[in-house]
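S.K.: Need a 3D model of the sequence below.
(3 chains)
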Amino acid sequence: METAILKSPFKSEEYFVNMGPQHPATHGVLRLLLTIDGEVIKKVEPDLGYIHRSIEKMCERDSYQQIIHLTDRLDYLSAHINNEAVCLAVENALELEVPERVKVIRTILDELTRIASHCLWWGVMGMDVGALTTYFYGFRDRELINDIFEETCGARLTMNYNVPGGLRHDIHPNFVKRVKDFVAHFKTKLPEYDRLLTGNIIFQKRTKGVGVLSKEDAIAYGASGPVGRGSGYSCDVRIHHPYSALHKVNFNEALQTAGDAFARYQVRIQEMWESLSIIEQLIDDIPEGAIQVATDAVIKLPKGEFYQKVETARGELGVFIISTGTKNPYRLKLRSPGLSNLSLLNHITVGSKIGDLVAAMATLDLVIPDIDR
Amino acid sequence: MNIPLNISGPLHNWLFAILPPAAAGIFEMVIMALVYLAIFAVAGLFLVLLERKVAAWFQLRLGPNRVGYFGLMQTMADALKLVSKELTGTEKADKFLYNLAPYFVIITALMALAVIPFSSGFQAFDINIGVFFIIALSSIGVIGILLAGWSSNNKFAMIGAMRSGVQTISYELSVGLSLLTMILLTGTPQLSGIVEVQKNGWLIVQGHIPALIAFMIYMIAGTAETNRAPFDLVEAESELGAGFHTEYSGMKFAYFFLAEFINMFIIAAVAVTVFFGAWLSPFGITESIPWLGVFWFLAKTLAIVFLMMWFRWTFPRLRVDQLLKLEWKYLLPLNLMNIVLMALIVWLNLTIQF
Amino acid sequence: MTNEALQYVISDWFPEPEAVKLQFTQEGTQFLTVSIEADNLHELMWLLKHNKETCFDYLFCLTGVDWGKELGVVYHLESTVHRHIVVVKVNTTDRDTPCFDTVSDIWPTAEFHEREVYDFFGIQFHNHPNLKKLFLPEEWEGFPLRKDYADDVNMIVK
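M.R.: Okay, the predicted model is just below:
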């Protein structure tokens, strides 16, 4: 040991830095314990649980209608899709066939949610690499979607619009017009996003070759959503296990092969275009009909195990219900995309700089309540 | 006590007529200091407001518009709030250095202001090594930042300070060399002399290609010197929280904040002095009205300040290794070649003179 | 691969299904469910991942369950090549020191999910690289997601 010190006149020591739980780049109360040597990261260890509410335990106490309200609070940016996951699981268990109208409306709202979530991510992504202006551009467009949701669902963030068997109430008369207006508006704004950030040389330098995740690792670490697709791993639940009205639409899975932060960025931008296309295919002919099939006031699932996966804006959300035939689930597990995506953070950032960590983490698009369920 | 204070000849003469020379000199300096402090404070407050307005404009917002007409009193209100705030700090901070650091930063910024030629005669300290004086002062400022980061006993502040050191040492070279390029043209580092030379055309025109290159390098390096985006690694809020001033509050924080804006103003003012004819009007249109010099000087400076704000609100931030790569691999060699080119142009008399 | 074919392939690996308590069921679930003795869990998992025919390379859900008398873990596996899904269950009656082999060497994603199960069910995992509490504070007592967990202050029981 002594000889080693003698050989190198400048002895360097590793030290620990607490990133979070109150840190701008962790987007919530995530704490990362960094081991760094100068600017170079040696190890990233996430410390979780600052906002854990034990939703899974609460679910065991609640009826299925009540559970839906809790899922809003998982990944609050994909609230509508989370609600849908539980509803689909319950409907499948009860073998309920929901009307076509419900399916189409659910899918349109899913894609609007996805665009809203990606808008917010895009703004925050820019902010994380130091371009503050993107934040406001992203929020400008997200507000329009929130307005649509407010008009139809009555809430802007935690919608609770889905109920087992259908929708809570019918869409607002303005819905179709406003969605069409938004699609037309957003088609002019997406190229603006590219002009402001995508083409910027500093941005490309900051993200290309940063946080590289190979396809094999993406699968092994259970990456899903844009994180997996950025590595060329076809993992879109909407393609492999279509639900609601997704079998009626044509869309491409946004795939990139580079596996770096820039690839994940491009996947999300591409996904916004795809979502617009899905909405356009469905918005013109929403079938007439009922918006609900009647269920019992107290829903009792048959005995058994039921799994439903959906594609949220962050990746694969799974709802695993073990039912013993009572009005409460015996065990309800929520497989959140965030925890798996977080687990690969150490893998992709070791050896890079602090700035790279922030850029790589921004493209993982973590929402902490989704991880701390 | 023979410092030329050209701002107001009559005041000088009057003071020396009624007071003994020593007292008159001191009295005059106190008046000058107060005048410049006032300029400093007003400029700082105005620039903060301007930045917020420009940012709002870029970001589809309105910006401050409640306090006073058009939000003009907003920064005044903020300053009052900062003055009244508690000065917090870390328990185990090196108290002496911790308290000293903001003054390093603010005093160097204030000193650099003294040599700026706002108009003909409106210059507190026309030293014959003006340009070098500014370069030297700007490197003292970084000591303040280093001290702040080191003494606050905070790891994020420490990383920020180290980044600042590395960044300023590197970009100092480019600022110095790009100004040196222009001194080849003027033959004097004295700022009033540089202005004099530009009566035959602004230096950016006189020196054409190398001057343009020098200006670009100067702007890049100058932005880096002031630690502003896209070179704001020192306070990179998404990485380090607030960087070196994480642990400062109240007026001590305000000193750092003000100094950043004054430094930006100084960088712009030096750019205007060296490249764009200082207070000279374009094509000599207001040659007959000398006091309009202040107007032209401020107009040009604010245009460049606006350019720097434009950088800040549109560009992402570089990474620390990219920052150093840009300087040592691209800007520095380019700069050295540019000096040779400029020397050739001056030697062969290829400058454009009106 | 169909569920029947999967069942055939898997039962081929264990010549004595009774000895390892290998059981298949499709009752009350949409996937083929395999349950196995805890000691043979790692072997089965390794084969499921590395066998060319099954190739379950994607562990998408890892759930701890308190079955009342027993504690168990449910693994949901999917193959990204063949797109078939299988569910593996493993149980133990030992409620004081429940322990299974880790699968985090087969699927790195299991590392965090196993830590979560360790937090909430107190199930230990053999050979886990970093088995410490993920969500709960170190000093937390009890295992909140077990059915017999009681907390008079924070839990509202209906």
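S.K.: Could I get the contacting residues of A:Ala19?
M.R.: No Ala there; residue A:19 is Met. A:25-26, A:31-34, A:357 (C-beta atoms under 8 Å, 6 or more residues apart in numbering or on different chains). For glycine as for every other residue, the C-beta is placed from the backbone atoms N, C-alpha and C.
S.K.: One more: A:Ile321?
M.R.: A:89-90, A:93, A:301, A:305-307, A:329, A:331-332.
S.K.: same question, A:Gln292
M.R.: A:99, A:102, A:163, A:165-167.
S.K.: Which ones among those map onto strands?
M.R.: Of the contacts of A:Gln292, the ones assigned to strands by DSSP state E are A:163, A:166-167.
S.K.: out of those residues, which one sits closest to chain B?
M.R.: Set against chain B, the nearest of the ones in strands among the contacts of A:Gln292 by C-beta to the nearest C-beta is A:Leu167 (33.9 Å).
S.K.: how deep is the closest one tucked in, by neighbour count?
M.R.: Using other C-beta atoms under 10 Å in any protein chain shown, A:Leu167 is surrounded by 22 other residues.
S.K.: what's the spacing between the nearest residue to it once chain neighbours are set aside and A:His80?
M.R.: Nearest in space to A:Leu167, with sequence neighbours left out and distances taken as C-beta to C-beta, 6 or more residues apart in numbering or on different chains, is A:Ile291 at 4.7 Å. Note on A:Ile291: its distance to A:His80, by C-beta to C-beta, to the nearest Å, is 15 Å.
S.K.: Who has more neighbours out of these two?
M.R.: Under the neighbour definition other C-beta under 10 Å, A:Ile291 and A:His80 were set side by side, and A:His80 has more, 28 against 17.
S.K.: next one: phi and psi at the more buried one?
M.R.: phi -60, psi -40 (degrees, to the nearest 10).
S.K.: residues contacting it?
M.R.: Neighbouring residues of A:His80 by C-beta under 8 Å, 6+ apart: A:106, A:109-110, A:112-113, A:149, A:153, A:159, A:161-162.
S.K.: quick one: low-confidence parts of chain B?
M.R.: Where chain B drops to pLDDT under 70, the residues are B:1-10, B:290.
S.K.: swap the cut-off to 50 and go again
M.R.: In the predicted model, chain B carries pLDDT under 50 at residues B:1-5.
S.K.: same check, this time on chain A
M.R.: Along chain A, the model assigns pLDDT under 50 to residues A:1-5.
S.K.: and it, which residues reach chain C?
M.R.: Counting by C-beta under 8 Å from any C-beta of the partner chain, the positions of chain A adjacent to chain C are A:48-49, A:52, A:54, A:56-57, A:61, A:92, A:217, A:219-222, A:224, A:233-235, A:240, A:302-307, A:309, A:316, A:318, A:320, A:322, A:331, A:333, A:335, A:339-340, A:342-344, A:347, A:372.
S.K.: go with 7 Å
M.R.: Residues of chain A lying close to chain C by C-beta under 7 Å from any C-beta of the partner chain are A:48-49, A:52, A:54, A:56-57, A:61, A:219-222, A:240, A:303-305, A:307, A:316, A:318, A:320, A:322, A:331, A:333, A:335, A:339-340, A:343, A:372.
S.K.: Looking at the stretch 101-250 of chain A, which residue is nearest chain C?
M.R.: Taking C-beta to the nearest C-beta, the stretch 101-250 of chain A has A:Gly222 as its residue nearest chain C, at 3.3 Å.
S.K.: Nearest spatial neighbour of that residue, chain-adjacent residues omitted?
M.R.: Take A:Gly222 and drop its neighbours on the chain: the residue closest to it by C-beta to C-beta, 6+ apart is C:Thr109, 3.3 Å away.
S.K.: Same question for B:Phe125.
M.R.: In space, B:Phe125 is closest to B:Ala114, 4.2 Å off (C-beta to C-beta, 6+ apart).
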